[in-house]
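>>> Predicted model and sequence follow; I will ask about them next.
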Amino acid sequence: MPMYMDIHNVDGATADALAAAHEADESVQHKHDVTCLKYWWNEGAGKLFCLFEAPSAEAANAVHREAHGLLAEQIIEVDPVLAEGFLGGGAVNNAGAVTVRGGDVYDTGVRGVLFTDIVGSTALNQEIGDDAALELVEAHDAIVRGCLATWGGREVKHTGDGIMASFISPASAVRCGREIQRALVARAEELPDDPLAVRIGAAAGEPVERNQDLFGSTVQLAARLCARAAPGEVLVSAVLADLCIGKGMRFDDLGEDELKGFPDPVRIRRVRLD
């Protein structure tokens, strides 16, 4: 059966009210052949994201209509693997809410998305040979995965010459990118002739509005920022930098730039590694 995610505006809601609404959904879902799986609550943004199986989007909204009358602003069909990869599995409490840190903190649904890219990977294959180039990829993978483990990142996929990851905490995406570059600086000091260099881009956002694709513009922006970065840099969106206020990280404002696929100039920040 298809899987859907809906988006509700629940500004001012409480955890108990949302738990009651989810329970009401479960009490009538069988009438519409729907299974309500779990939900993410972003209290700060006043948004609720519900994941469910249903024969159609209208069937899902029919459950909400009958249960409590709180209809979704949007309903999008999602690939279950992409949904879990982007939002993360997360623990689910008795009310059906996805939580983190042992169930004492609600998952907000906001994600930091990060891309790494080995600089000049195609040329490296020609210059140093496939075996040596593969060793560089393996070194990159070990560094990146180690930092992902430290900062709670989830590897979504390997791109061949880089890794895409998502983070429950957007600030952790920045910390992870900074730590990756610091580790590469330390490697270069130990191996001055080593050609491994990496560019990193990251952005933050909520589940987006693309049919069959939960990633959408947030992921595209992170990828564009990665492509825009110079070797050794971590470039992030202004939104992601703003989410790091008070987190002890510093940024250089690079101003606005035109990025492919985005109609308006995008303000870019560079993460300071010191």
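Great, that's in hand.
>>> how near is the residue nearest to residue 247 when sequence neighbours are not counted to residue 253?
Spatial nearest neighbour of residue 247, excluding adjacent residues (CB to CB, 6 or more residues apart in numbering): residue 171 at 4.7 Å. Bear in mind the C-beta positions are built from the backbone N, C-alpha and C, glycine included. Distance, residue 171 to residue 253, by CB to CB, to the nearest Å: 18 Å.
>>> Same question for residue 29.
From residue 29 to residue 253 the distance is 49 Å (CB to CB).
>>> which of the two has more neighbours?
residue 29 (22 against 11; other CB atoms under 10 Å).
>>> which secondary structure element contains the residue nearest to residue 247?
Per DSSP states H and E: residue 171 is located in helix 170-190.
>>> which helices and strands sit right next to whichever helix or strand comes after that helix?
Beyond helix 170-190 on the C-terminal side, the first helix or strand identified by DSSP H and E is strand 198-205. Applying 3 or more CB pairs under 8 Å, 6 or more residues apart in numbering; DSSP states H and E, one finds that strand 198-205 contacts strand 111-118, helix 170-190, helix 216-228, strand 234-237, helix 238-242.
>>> pLDDT (mean, whole number) over the fourth one?
I take that to be strand 234-237. Mean pLDDT, computed over strand 234-237, is 97.
>>> For it, buried residues please.
234, 235, 236, 237 (16 or more other CB atoms under 10 Å).
>>> partners of it, with directions?
strand 198-205 (parallel), strand 266-271 (antiparallel) (DSSP bridges).
>>> Roughly how far does residue 131 sit from residue 124?
Counting by CB to CB, the gap from residue 131 to residue 124 is 12 Å.
>>> of these two, who's got more company?
residue 124 (20 against 8).
>>> tell me the phi and psi of the more buried one?
Per-residue torsions, residue 124: phi -60, psi -40 (degrees, to the nearest 10).
>>> Check residue 72 too.
According to degrees, to the nearest 10, residue 72 has phi -80, psi 150.
>>> nearest residue to it other than its sequence neighbours?
residue 6 (3.6 Å).
>>> Buried residues, stretch 184-194. List them.
Buried residues in stretch 184-194 (16+ other CB under 10 Å): residue 184.
>>> How far away from the center of its chain is that stretch?
Relative to its parent chain, stretch 184-194 has a centroid offset of 30 Å by CA atoms, centre = their mean, to the nearest Å.
>>> same question for it, mean pLDDT?
90.
>>> same question, stretch 2-14
For stretch 2-14, the mean per-residue pLDDT is 85.
>>> now do stretch 202-221
Stretch 202-221 comes out at a mean pLDDT of 65.
>>> Now the terminal residues of that stretch, how far apart.
8 Å (CA to CA, to the nearest Å).
>>> hmm, who's touching stretch 19-34?
Applying CB atoms under 8 Å, 6 or more residues apart in numbering, the contact partners of stretch 19-34 are 1, 35-36, 39, 50, 52-55, 59-60, 62-64, 66-68, 70, 95-97.
>>> from what I can see residue 238 touches residue 268, true?
Yes: assessed by CB atoms under 8 Å, residue 238 is found in contact with residue 268 at 7.2 Å.
>>> how does the chain divide into domains?
The chain breaks down by automatic domain parsing into domains covering 3-106, 111-271.
>>> any idea which of those domains scores lowest on pLDDT?
Note on the domains of the chain: lowest mean pLDDT is at domain 3-106, with a mean of 78.
>>> In the sheet, which residues pair with the residue nearest to residue 72? Tell me.
residue 50, residue 75.
>>> Can you report how many residues neighbour it?
Neighbour tally, residue 6, other CB under 10 Å: 22.
>>> Same question for residue 15.
Residues near residue 15, counting by other CB under 10 Å: 13.
>>> ok, the buried residues of strand 234-237 vs residue 142, which is closest?
residue 234 (18.6 Å; CB to CB).
>>> Quick check: the closest one vs residue 10, distance?
For residue 234, the distance to residue 10 - CB to CB - is 34 Å.
>>> try residue 22
Separation of residue 22 from residue 10 (CB to CB) stands at 12 Å.
>>> next one: residue 163
Distance of residue 163 to residue 10, given as CB to CB: 34 Å.
>>> Who has more neighbours out of those two?
residue 163 (24 against 19).
>>> In this structure the more buried one contacts residue 155, no?
Yes: judged on CB under 8 Å, residue 163 makes contact with residue 155 at a distance of 5.9 Å.
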